[in-house]
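Peer 1: Build me a model from this:
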Amino acid sequence: MNYVLGPLLFVVLAFSIYYKVRNQASLQEAKDLLSGALSNDNIPVIILLLTLVAINWGIEARKWHVLVKRIQPVNYFTAYKAVLSGVSLSLFVPNGIGDYAGRLVYMNEGNRLKSITLTLVGSMAQLIVTLSAGLAGLLYLKNGSWANLEQFKGLSVFLVNGIIFMIAAGSLLLLVIFFKLNWLTIMFEKIPFVHKYRFMVEYLETISRKDLTRILSLSAGRYCIFIVQYIAMLHIFSVQLGTADAIATIAVLFLVLAILPTIPVADLGMRGEAGLQLFGLLSLNKLGIIATTAGIWLINLILPAVAGSLFILGIKLFRNR
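Peer 2: Numbering: from 1, shown residues only. The predicted structure is shown next:
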């Protein structure tokens, strides 16, 4: 089981990644533009993008490393492998469920279920940053570049303000829960039918406010990397936007993608459509927008997933007799 399942899973993942990427909508157009973008002038920018990919997932590994150390000592390289393995598995499961599965196999038996809730803390921090930045971007565009667009003149002010209010309320609620994780253990103690699962959340009480702030700061750092990557990719494909408009639009795009449940390997078409709808309001370079979205999808998800599938080769699912 230990020495067959890892390689078998690698073969399945490698074939699935190849097959599904090959059949993505708009991929051919994006490939043509990507090929044209590999000019000498863009080489430094492409090197920067690839470096940022490594830093991005390195920060995520550091977040997980800080969280799980309270139940099991894990070295940083193992944390990095766990994160990339999670990316590989999450490509085929909605809402990042595979991400948790990919990470927990690196934990000792007995600690795996406990690690799920700690991983959720890192995901919650990233979602808080995404919602908050998306809200700021939405407010900026609503009162700025979008104000005079025909597409928005017919929209109800009450509807737009209602959406903004819900996002703000959701962000605030998540932030309060994030810094009051001990409420979850109290809830598990008081509800009879979930009391037996208290062991899954009891370690949340041991996360200090300092560590929570650190996790939130690392999540903000990852978000800034995403923004820089997108701006660099827009530059490569000559999508002309003001810096403030570009940052705000990227933030709203991430907000939309965070709210809509999708399977990452199957959502290039949806990402492309969302990008076209948002960036298309301010730019006429539709092919550049599609290529930008495809390029970000390729370097941030597909390349790490390929690396993660290689790490899965060495996974031993069962460590004890």
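
Peer 1: What sits closest to residue 107 if chain neighbours are left out?
Peer 2: Distances taken as Cβ to Cβ, 6 or more residues apart in numbering put residue 115 closest to residue 107, at 4.8 Å, once the chain neighbours are dropped. For every residue, glycine as well, the C-beta is placed using N, CA and C.

Peer 1: That neighbour against residue 108, yeah?
Peer 2: No: counting by Cβ atoms under 8 Å, residue 115 does not reach residue 108; the two are 9.5 Å apart.

Peer 1: Give me the common contacts of those two.
Peer 2: residue 72 (Cβ atoms under 8 Å, 6 or more residues apart in numbering).

Peer 1: ok, those two, which is more surrounded?
Peer 2: Neighbours per residue (other Cβ atoms under 10 Å) separate residue 115 from residue 108, with residue 115 holding more: 25 against 12.

Peer 1: give the contact list for the more buried one.
Peer 2: Contacts of residue 115 by Cβ under 8 Å, 6+ apart are 68, 71-72, 103-104, 107.

Peer 1: quick one: residue 91 from residue 309, how far?
Peer 2: Using Cβ to Cβ, to the nearest Å, residue 91 is found at 9 Å from residue 309.

Peer 1: Ok, residue 284 next?
Peer 2: According to Cβ to Cβ, residue 284 stands 39 Å off from residue 309.

Peer 1: what's the answer for residue 102, then?
Peer 2: Residue 102 sits 10 Å away from residue 309, going by Cβ to Cβ.

Peer 1: what's the answer for residue 167, then?
Peer 2: Counting by Cβ to Cβ - residue 167 and residue 309 are separated by 35 Å.

Peer 1: neighbour-wise, which of those two wins?
Peer 2: residue 309 (24 against 18).

Peer 1: Could you check the pLDDT of that one?
Peer 2: Residue 309 is assigned a predicted lDDT (pLDDT) of 78.

Peer 1: Going by contacts, tell me the helices and strands next to the one helix or strand it maps to.
Peer 2: When secondary structure is defined by DSSP states H and E, residue 309 falls within helix 303-312. Under the contact definition 3 or more Cβ pairs under 8 Å, 6 or more residues apart in numbering; DSSP states H and E, helix 303-312 sits against helix 2-22, helix 43-68, helix 76-90.

Peer 1: Check which helix or strand the closest residue to residue 56 other than its chain neighbours maps to.
Peer 2: Closest residue to residue 56 in three dimensions, ignoring its sequence neighbours and counting by Cβ to Cβ, 6+ apart: residue 225, at 4.7 Å. In the assignment (DSSP H and E), residue 225 maps to helix 209-236.

Peer 1: orientation of that helix relative to helix 43-68 in degrees?
Peer 2: When axes from the mean of the first three to the mean of the last three Cα atoms, to 10 degrees is applied, the directions of helix 209-236 and helix 43-68 differ by 160 degrees.

Peer 1: Can you list the buried residues in helix 209-236?
Peer 2: Within helix 209-236, the residues scored as buried using 16 or more other Cβ atoms under 10 Å are 212, 214-216, 218-220, 222-236.

Peer 1: and residue 109, how many neighbours?
Peer 2: Burial of residue 109 is recorded as 10 neighbouring residues (other Cβ under 10 Å).
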